[in-house]
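1. everything below, folded, please.
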Amino acid sequence: MRFTDLIFDLYGTLLDIHTEEDDAVWDKTALYFGFYGAHYTGAGLKRAFQDAMRDREARAGQSYECFPDIPFEQVMAQLFRQRGVTRDADGLGVNAAQFFRILSIEYIRLYPHVREALDALRGSGFRLWLLSNAQHVFTEFELRHLELGERLDGCFISSDLGFRKPDQRFFRALLDSRKLDPGKCLMIGNDRETDIAGARAAGLATLYLHTNLTPPDQAPADPALLPDTAPADCRGWEYEGSDWSALPGLIRSL
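-> Now for the predicted structure:
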């Protein structure tokens with residue numbers, strides 16, 4: 001077996017999700033703030049959130065291109081404090097963040113056969129890791145809801161570390177802390193710029209999945225790079241679609 005460790009992206013790779021952070025979501029979140037004495041309009045809360053996020057990124061000395069990731073719940077807690085609500089502001093920030101997320105989700109579901117595929121891959125001896133550009137305050141509970149967490153050997157979430165893919169520090173956080181050999185790791189993701197380019201720069205082989213959540217400007221999978229037809233020396237395979245039923249067998253064959 002060429003690979004010992006499989007590293008997965010989450011959104012668009014294992015999980016299909018659609019969110020709408022529209023005015024109604026901000027209005028209802030502002031109502032939640034008001035229940036605890038922190039009074040905002042929906043538009044005012046959105047502006048305050050955006051201003052606070054920009055300020056935190058500037059103080060960190062990072063621009064968007066430097067791939068920062070600021071914890072959502074910390075900003076929400078800051079907005080409670082700005083309105084004089086200091087008692088359990090951190091806990092209220094977590095609750096407000098999760099409330100906001102739930103309101104914004106139109107649907108959340110696994111792609112077909114994901115659970116069965118992960119079980120089959122783990123049964124074949126692979127270790128399974130998650131490396132996701134995500135907010136811990138959202139993702140921890142979504143993994144629990146979808147019964148994914150217990151199927152993984154470890155989860156690395158960008159908001160916990162303050163940077164995200166394709167930043168090499170994010171890949172190194174997993175590789176170094178778990179003492180993984182990059183040459184025996186396969187990164188599986190749906191974004192050529194973050195998952196695939198970042199993994200290749202870190203010395204990992206890659207499997208690009210072109211799914212409905214792949215950025216629309218990115219090309220479909222190249223048929224010449226399918227796992228069962230690619231050249232023998234290939235370290236960058238591609239696959240079209242998000243049905244996981246065939247992927248365990250293809251991955252085992254690499």
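2. every contact and neighbour count from this point should use C-alpha atoms.
-> Fine.
3. tell me which residues of stretch 31-41 are tucked away?
-> For stretch 31-41, the neighbour count (16 or more other Cα atoms under 10 Å) marks 31, 32, 33, 38, 39, 40, 41 as buried.
4. tell me if residue 155 really is in a strand.
-> Yes - under DSSP: H, G, I helix; E, B strand; the rest coil, residue 155 falls within a strand.
5. can you tell me the closest non-neighbouring residue to it?
-> Spatial nearest neighbour of residue 155, excluding adjacent residues (Cα to Cα, 6 or more residues apart in numbering): residue 130 at 4.6 Å.
6. next one: phi and psi at residue 107?
-> Taking degrees, to the nearest 10, you get phi -160, psi 150 for the backbone angles of residue 107.
7. that one and residue 149: what is the separation?
-> 19 Å (Cα to Cα, to the nearest Å).
8. swap in residue 12?
-> As for residue 12, its distance to residue 149 is 17 Å (criterion: Cα to Cα).
9. what's the answer for residue 77, then?
-> In this view, residue 77 and residue 149 are 27 Å apart by Cα to Cα.
10. of these two, who's got more company?
-> In this view residue 77 and residue 149 are compared by other Cα atoms under 10 Å, and residue 77 has more residues nearby, 22 against 18.
11. quick check: pLDDT value at the more buried one.
-> On pLDDT, residue 77 comes in at 98.
12. surely it meets residue 94?
-> Yes - with contact defined as Cα atoms under 8 Å, residue 77 reaches residue 94; the gap is 7.5 Å.
13. now the strands: where do they sit in the protein?
-> In the chain, the strands defined using DSSP state E lie at 5-8, 15-19, 105-110, 127-132, 154-157, 185-189, 205-210, 236-240.
14. turn the ones you listed into CSV, columns for distance to residue 175.
-> Output for those, formatted as CSV (distance: least, Cα to Cα, whole Å):
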stretch, distance to residue 175
strand 5-8, 10
strand 15-19, 23
strand 105-110, 26
strand 127-132, 10
strand 154-157, 11
strand 185-189, 9
strand 205-210, 13
strand 236-240, 19
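15. closest one to residue 168 among those?
-> Residue 168 lies closest to strand 127-132 among the strands of the chain, at 12.0 Å (Cα to Cα).
16. circling back to that earlier point, next, the contact list for the residue nearest to residue 155, please.
-> Each residue near residue 130 by Cα atoms under 8 Å, 6 or more residues apart in numbering is listed here: 7, 8, 9, 10, 152, 154, 155, 156, 157.
17. the second one reaches residue 190, doesn't it?
-> No - distance between residue 8 and residue 190: 9.5 Å, which falls outside the contact criterion (Cα under 8 Å).
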